[in-house]
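**Student:** turn this into a model:
(2 chains)
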2 protein chains.
Amino acid sequence: MERYTYFFGDGRAEGLQLGKMLLGGKGANLTEMDHLGIPVPPGLTITTAACNYYSQHQTFPAGLEEQLKEKLMTLESTLQRKFGGSPPLLVSVRSGAPVSMPGMMDTILNLGLNQETLQGLIASTGNERFAWDSYRRFIQMFSDVVLGLAHHDFEHLLEKRKAAAGVEQDTGLGVAELKILVDEYKELVRARTGADFPEDVQVQLRKAIEAVFRSWNNERAIFYRKINSIPESLGTAVVIQSMVFGNMGDDSGTGVAFTRNPSTGERKFYGEYLLNAQGEDVVAGIRTPHPIEDLRGAMPEIYDQLFRIQEKLERHFGDMQDLEFTIQQRKLYLLQTRNGKRTGMAALRVAVEMVREGLIDKRKALLQVNPEMIPSMLAPVFIPAPKKKAVEDGRLLAIGLNAGPGAASGHIVLDSRTAMIKAAAGEKVVLVRQETSPEDIMGMESSQGILTARGGMTSHAAVVARGMNKPCVVGCSSIRINMDYRVMEVRQKDGSYRSVKEGDFISIDGSTGEVIEGALETQSSEIDQALNGDIPIEQSEMARNFQLLMQWADEFRKLKIRANADTPRDAQTAIRYGAQGIGLCRTEHMFFEGERLVVMREMILSRSEAEREAALSKLLPYQRDDFIGIFEAMQGRPVTVRLLDPPLHEFLPHTREQDLELSSKLGLDPDEIKRRSKALKEENPMLGHRGCRLGITFPEITAMQARAILEAAVIVKRKGLVVQPEIMVPLVGHEKELKIQKDIIQNAADAVFKEMGERVDYSIGTMIEIPRACVRADLIAREAQFFSFGTNDLTQMTLAFSRDDSGTFLESYLTYKIYERSPFQTLDRDGVGALVEMAVSRGRTARPDIKLGVCGEHGGDPESIDFFHTVGLDYVSCSPFRVAVARLAAARSAISHSVH
Amino acid sequence: MERYTYFFGDGRAEGLQLGKMLLGGKGANLTEMDHLGIPVPPGLTITTAACNYYSQHQTFPAGLEEQLKEKLMTLESTLQRKFGGSPPLLVSVRSGAPVSMPGMMDTILNLGLNQETLQGLIASTGNERFAWDSYRRFIQMFSDVVLGLAHHDFEHLLEKRKAAAGVEQDTGLGVAELKILVDEYKELVRARTGADFPEDVQVQLRKAIEAVFRSWNNERAIFYRKINSIPESLGTAVVIQSMVFGNMGDDSGTGVAFTRNPSTGERKFYGEYLLNAQGEDVVAGIRTPHPIEDLRGAMPEIYDQLFRIQEKLERHFGDMQDLEFTIQQRKLYLLQTRNGKRTGMAALRVAVEMVREGLIDKRKALLQVNPEMIPSMLAPVFIPAPKKKAVEDGRLLAIGLNAGPGAASGHIVLDSRTAMIKAAAGEKVVLVRQETSPEDIMGMESSQGILTARGGMTSHAAVVARGMNKPCVVGCSSIRINMDYRVMEVRQKDGSYRSVKEGDFISIDGSTGEVIEGALETQSSEIDQALNGDIPIEQSEMARNFQLLMQWADEFRKLKIRANADTPRDAQTAIRYGAQGIGLCRTEHMFFEGERLVVMREMILSRSEAEREAALSKLLPYQRDDFIGIFEAMQGRPVTVRLLDPPLHEFLPHTREQDLELSSKLGLDPDEIKRRSKALKEENPMLGHRGCRLGITFPEITAMQARAILEAAVIVKRKGLVVQPEIMVPLVGHEKELKIQKDIIQNAADAVFKEMGERVDYSIGTMIEIPRACVRADLIAREAQFFSFGTNDLTQMTLAFSRDDSGTFLESYLTYKIYERSPFQTLDRDGVGALVEMAVSRGRTARPDIKLGVCGEHGGDPESIDFFHTVGLDYVSCSPFRVAVARLAAARSAISHSVH
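**Tutor:** Just a heads-up that it's a prediction; the model follows:
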């Protein structure tokens, strides 16, 4: 029989070794506190295993019922009280998942009250009003949380009763009014549920436990887990704890506190309390709580005790604590402690200072900072004073989901084409859409930031914006787009809509979700300014802390971190954030600009090899110059250059206008251009004529690109710099494809070196992005000096998920929990991961010194990085803006896997 | 040192055990004949290994030179002649690949002649004219084949010389003229090559050997291998054989013969010969050869000897032989024997009769008939007499490649839309295109046959037509399509073009490649008529032989054979050809017809679940009726029904006209229809919202289909028939997808059985067509009672090859030998095959009794079937027209793998 219940309290806590996974965060910490000799109201914890059983079978597991009864008896004897008897044992029931999770059922207080135990409570406390008020609160809370009745119906009865009694505060109601109110509540319950409010305390308890279990799967909880990458399989524990009362007079009270400031990270005991109050009163905001320092004057010995406890807790848990306490008649109880939530800035400061204070080591510090906090540390911000004023002036239009950190300001544009045109004309724009689709990519790229009315944290807009490092607010449901009038409509408090025209200024804060009317000036984050040399690093403690943390990360991580960068500017950004090389330099982006695009089109439309070679020889100098710039920027670090990858039709004109323009430039019949463009269109371009297939059908393209890379390398080497070009062939599925391309590259290299009288070391490798390449990695490795996993395409093909088209079903897939997270965001370990592992093992067997990396977007995702660490890749490559994220994530993986 | 040369002759043949792979067909058979005591001119064979070495390094392997010298000495001492000396040893040099391959270098005769040995030949034969004529022939042949000079230049000199001498026949030239001609030939060689014709016989030999090696990779040979699925890696052997002369007077002669009639298979010694002639004279057609029977009168003892030899050879090789012989001064030599090429009909008769005669067993008979011969046995044919007359009347327009067997006749249509319109109006049409593309599929389906000007045996038209079992002629380079005038233009002998209008009648014979003007009547093949019951089977020996062979095949094969069939008519065809069930019944085809399509569109365009369910309930009776028809037709055999698979936009209108029509039928705004259609369009529909994803996002579709299948099953069962429905979920990549669909199906089933008061056994399984499904087959197998490999899609995704788009690069891939064959035609064993094996092993481990089959088009391809046999699938499913092919192929695999 599995054991599902564990007692705590009186220093006799059970299951200390079980930890959060089974006892939940709340239960595990209560157990630990009890063990440390810190006073906690005794209680018991039901494990997450029981919840998981319940989720699957909609019934309690065998044995739970009996174990519960047994632990309740222990609790009764410890406290000399009786559950459902006299003096009555009252309990709170709370959920407590292994990770903190708002959105789930929180708390039911005073459970165990009924007509009979109410009398016992009156007798034992001698406070009739307190007892009746507790009973009233219990019925209201239980009806809302467990029975699912509307909270406001009860509030309505309460208001009516207060009006009848002529009082303003709840506390104004006397015993007589409370008795009436209790009757009215019970009547309401009967009317709505068709049954009496449960008198049997065992029934109360059972229903409350079931409600906690069920709350694991309520919509808000599911949503929260989805956006916070928390696995469904954890389940929640249930904490059943004896009640203590902070509202038993002025020698009682309650409060919450942090061991450090959760906004700034400053080391200062920080919190609030109220005397003669219950926890909810502190939160509800009816009475203004006092700062925790005031407790020192009010109850010095309690304050001292609390201060010592908080120091002990921080030391014990090695992290900033968020604690709840209650004082019942001058006796202090800790109700809960947990690692405190904090801003990115605070996390950074706490981690670094705790090391400095000797409280934790570097390992623990690194584990304290969530890599996903880093983008918010580096993102630009609005200049604080004008923003504050704008909000005070009532210019805050709406608040949506903070999908991509950073601040942006610009003219509203309502479609991507307009965004591109305006941006090309030098205007700063913010793209505002109902929701975005793959067609909006170019428009998003042209905008300062993106705002959408629909979509969640994993919507297209959110995912793409984060990839582009653009500020983004999504799911802003109080706005809607009216394309007929080309306005953005904002819902007002009265339900009416106010129009804001396209072209008007708007400002969005992707770190907070705020949407503000008018233009607001932004500035780089302090850290970014310091890294960039705009302010001396000595002047920024924040930047110094950041550098220190990153330096620690570098000490521990095994994975090298590279960046995906296509321009010298990207390369410089990458280096600023600590990139050790370029893992993916896409050459096609180089062809999209101005005059080059015309020559590219000339090349594509050429009708003979001679014409094509003529066009290619015009492209060569452009490419060579690009590579010179990148090699110089990278200062000797390795640069992986990927040969031309996208289908050729992507380069061709899309409108009649463009056809005509190109026609006049190339002297070709516009109908011929249209016909040729159409002929190049494909049913499934993802699986079409692209990647190395271009180099197989048009070997002269590969030859030109190889020449441009190696000529650039020689030129840079002649300047006395080190160059490490790595030439990467995309979309290889068969070793012979690579062999053919390799031969072309080597021939071009030999020719260049001979002509220029100088050699450069270079290597040739391949993307692994087709399932077949994983299966036959043994044969491919014989031809490749390195593999770079292109996990974007590999995911598309392994799962048969077109990223561009998956919007129509991916939401359903996440809802049905087929995948826990979007496989484009976090690598699908079981499927794609298994193929990656296969390729790693087969590749290394065939060529033990093969270099292995990843250059898909998963290279910047901490959970995916953990997998890449586990399978032993040499490096990950990600967007320059994610390099610091990846450095930290890689270090955390190295630490976690060495500890366990 | 590897051994590359083997001697044969005088009963002392070496390397008898080596076989064809090393000695080539010619060399191996000469070795065997020598060993059997059959007189062959002695000689030596250079192995295929030497050729392969040469292909890779462009030079002879070490040791070959010395070994060659040594074997030549053996040959000299055997014959008491001297290579380059006196009496001179003259040799022929021929290529001899492991499989017979026209298109490679064939033969050089009389090698070893030069100014000096010529005198020796005169001396040893006493025939000066013969010697000079041999020398003249040798120079001409060597210059053409080895030196690559134009044959017609030499013919031109020969003609001039004959004109000068006033003679018509080559034989009219005397010694004096031949001497002049030899000088002229040598002068021509000098002028064209800048070097003298080689005098050194060792140089002659070396160059001839190199020419054979190089001919392995000439264009024609590569092309032949490509269309005949012969691996590049075989290489060719070289046979160097001492010359014998059939032109040494009337006691000499030469001929070719078959042990049976290669057209009909009749058991009758069959052949032709000429006296006082060399082999090329028989072929050249200048003199009319005599039937082989006449030799009995001319040289009775030689005829008897030859007759005994041919009997011995057939018995020895256990197959019909094609032999070449020469009689030199009343001495018979066999120059070559090989298995004779034959028509499908002949193959069938030979195989069956040889078993009856006790010459071979059933196994060997099955191995004698190539499964690819079967379609031609079953294809419709033109009624012979009128076709013969049409050709005699000069109505044969052109001959292209015979890409899809069978005869078709109809009006010419030049585009697919016209084809569909005319076909819908009841006209029989033949689609004539420059080449076809995926957009032509519907047009091809509407046509009687397809004719294209371009493309080879693996072009889109060819592959698709074979899949549809449509007569098809491709690569008909003497026609071209002029869409401006809407005519087909046919090149005449004088180079001018003659127009044939769209709408005119045309007839194509896909078994021969013939294109004939006018209408020709077709009839079913005799076998098909008999199988169909149109003629009693007792009246057709051919049909009886066919049935017998198929019965033998069924005795040996391990694989079950099912058919892909979507209609009762398809099901009947499948059963006629011996299908044991339906492996793939696609339900989407059922929605494309008439009124159903309107309802289907209504379903797709519905805006709510309720609207969609209403439309689905209208579709249900259609589907149910379809399934009733199919279950009845299959008479108790299992039927695998695949749930809806294609993306929904495939069902929506494609033109404004259709939008308007649908609009009036559904009462929807046509712009709304257009907008919705556009919204459903996808970038990569192959990887989009299709397959089980439809059933995940619209569970009511799955529920309706399950209900239709099971209601039909109960109805058919009530009629006293057995039904075995197998419900197949497409495009599963994750076990949870299948679980969700399975739950819906089971719920529908329970409801149906309850409502109808009757249960039916059914099973639920899945397609395995996504790489991820292979990787996670262990988990998927827990939910699936069967797997059916969808190797079409699996190939597309594993290789990242869009079948529709691969036309732009697949030709290059075959040319560069990246793949030996189109992976859509023959399964890519190394890549896709490895995933299939993984899925088989993981699936069987998780569920030992899982049923495993394949329903991709590879299920009808013999080589792929061999793979499926090897990995131990339970069945293959293919087009009904390929069922007999698959039965035979499966038997051959079982036999081959049990023997080896």
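
**Student:** now do whatever residue of the stretch 251-400 of chain A ends up closest to chain B against residue A:801, distance only.
**Tutor:** With distances taken as CB to the nearest CB, the stretch 251-400 of chain A approaches chain B most closely at residue A:400, which sits 24.3 Å away. The C-beta positions use only the backbone N, C-alpha and C, and glycine is treated the same way. Applying CB to CB, to the nearest Å, the value for residue A:400 to residue A:801 is 27 Å.

**Student:** ok, now residue A:1?
**Tutor:** Distance, residue A:1 to residue A:801, using CB to CB: 44 Å.

**Student:** neighbour count winner among these two?
**Tutor:** Between residue A:1 and residue A:801, counted using other CB atoms under 10 Å in any protein chain shown, the more crowded position is residue A:801 (26 against 9).

**Student:** what's the more buried one sitting at in phi/psi?
**Tutor:** Main-chain dihedrals, residue A:801, degrees, to the nearest 10: phi -110, psi 110.

**Student:** about what we covered before: residues in contact with the residue of the stretch 251-400 of chain A closest to chain B?
**Tutor:** Shown in contact with residue A:400 (CB atoms under 8 Å, 6 or more residues apart in numbering or on different chains): A:451, A:452, A:473, A:474, A:475, A:476, A:477, A:513, A:515.

**Student:** mind checking which helix or strand of chain A has the lowest mean pLDDT?
**Tutor:** The helix or strand of chain A with the lowest confidence, counting by mean pLDDT, DSSP states H and E, is helix A:279-284 at a mean of 66.

**Student:** could you find the closest non-adjacent residue to the residue of the stretch 251-400 of chain A closest to chain B?
**Tutor:** Counting by CB to CB, 6 or more residues apart in numbering or on different chains, residue A:400 lies nearest to residue A:476, which is 3.0 Å off, once chain neighbours are set aside.

**Student:** just checking, that neighbour touches residue A:455?
**Tutor:** No - the pair residue A:476 and residue A:455 fails to qualify as a contact (CB atoms under 8 Å) at a distance of 9.3 Å.

**Student:** dihedrals phi and psi, the nearest residue to residue A:243 once chain neighbours are set aside?
**Tutor:** Of all residues not flanking residue A:243 in the chain, residue A:90 sits nearest, at 4.1 Å (CB to CB, 6+ apart). Main-chain torsions, residue A:90, degrees, to the nearest 10: phi -110, psi 150.

**Student:** please report the distance of residue A:90 from residue A:124.
**Tutor:** Counting by CB to CB, the separation of residue A:90 from residue A:124 is 10 Å.

**Student:** with neighbour numbers in mind, choose between those two.
**Tutor:** residue A:90 (22 against 14).

**Student:** quick one: contacts for that one?
**Tutor:** Counted by CB under 8 Å, 6+ apart, residue A:90 has contacts A:110, A:111, A:112, A:113, A:117, A:121, A:134, A:242, A:243.

**Student:** tell me the pLDDT at it?
**Tutor:** Note for residue A:90: predicted pLDDT of 96.

**Student:** what count of nearby residues applies to residue A:494?
**Tutor:** Neighbour count of residue A:494, defined by other CB under 10 Å: 5.

**Student:** my guess is it is in a strand, correct?
**Tutor:** No - counting by DSSP: H, G, I helix; E, B strand; the rest coil, residue A:494 is not part of a strand but coil.

**Student:** contacting residues around it?
**Tutor:** Residue A:494 neighbours (CB under 8 Å, 6+ apart): none.

**Student:** from residue A:517, how far off is it?
**Tutor:** 18 Å.

**Student:** then residue A:266?
**Tutor:** 34 Å.

**Student:** wait, doesn't residue A:62 sit right on residue A:4?
**Tutor:** No - taking CB under 8 Å as the definition, residue A:62 is not a contact partner of residue A:4, at 9.8 Å.

**Student:** which of the two has more neighbours?
**Tutor:** More neighbours surround residue A:4 than the other of residue A:62 and residue A:4, with 26 against 11 (other CB under 10 Å).

**Student:** please report the distance of that one from residue A:116.
**Tutor:** Counting by CB to CB, the gap from residue A:4 to residue A:116 is 29 Å.

**Student:** now do residue A:234
**Tutor:** 38 Å.

**Student:** comparing the two, which residue is more hemmed in?
**Tutor:** A direct count of neighbours by other CB under 10 Å for residue A:234 and residue A:116 places residue A:234 higher, at 19 against 14.

**Student:** wait, what's in contact with the residue nearest to the more buried one when sequence neighbours are not counted?
**Tutor:** Excluding its sequence neighbours, the residue lying closest to residue A:234 (CB to CB, 6+ apart) is residue A:98, at 5.0 Å. Residue A:98 sits next to A:20, A:21, A:24, A:25, A:48, A:234, A:237 when contact means CB under 8 Å, 6+ apart.

**Student:** where does residue A:450 sit: helix, strand or coil?
**Tutor:** Per three-state DSSP, residue A:450 ends up strand.

**Student:** that one and residue A:463 touch, don't they?
**Tutor:** No - counting by CB under 8 Å, residue A:450 does not reach residue A:463; the two are 11.2 Å apart.

**Student:** who has more neighbours out of the two?
**Tutor:** A count of neighbours by other CB under 10 Å puts residue A:450 above the other of residue A:450 and residue A:463, at 29 against 22.

**Student:** and the gap between that one and residue A:860?
**Tutor:** Residue A:450 is 19 Å from residue A:860, where distance means CB to CB.

**Student:** any idea how many residues pack against the closest residue to chain B within the stretch 501-650 of chain A?
**Tutor:** Distance from chain B to each residue of the stretch 501-650 of chain A (CB to the nearest CB) is smallest for residue A:647, at 8.8 Å. Per other CB under 10 Å, the neighbour tally for residue A:647 reads 20.

**Student:** likewise residue A:548?
**Tutor:** By the criterion of other CB under 10 Å, residue A:548 has 17 neighbours.

**Student:** where exactly do the helices run in the stretch 201-350 of chain A?
**Tutor:** For the stretch 201-350 of chain A, the helices defined by DSSP state H, counting those that start in this stretch cover A:201-215, A:219-228, A:279-284, A:293-298, A:300-317, A:344-356.

**Student:** redo those helices as CSV? Include mean neighbour count and distance to residue B:445.
**Tutor:** Shown next, in CSV, are these (neighbours: other CB atoms under 10 Å in any protein chain shown; distance: least, CB to CB, whole Å):
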stretch, mean neighbour count, distance to residue B:445
helix A:201-215, 20, 55
helix A:219-228, 16, 45
helix A:279-284, 16, 70
helix A:293-298, 14, 85
helix A:300-317, 17, 71
helix A:344-356, 22, 61
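
**Student:** can you say which of the ones you listed is nearest to residue A:660?
**Tutor:** Across the helices of the stretch 201-350 of chain A, residue A:660 has its closest neighbour in helix A:219-228 (47.2 Å, CB to CB).

**Student:** what about the closest one, average pLDDT?
**Tutor:** Helix A:219-228 comes out at a mean pLDDT of 73.
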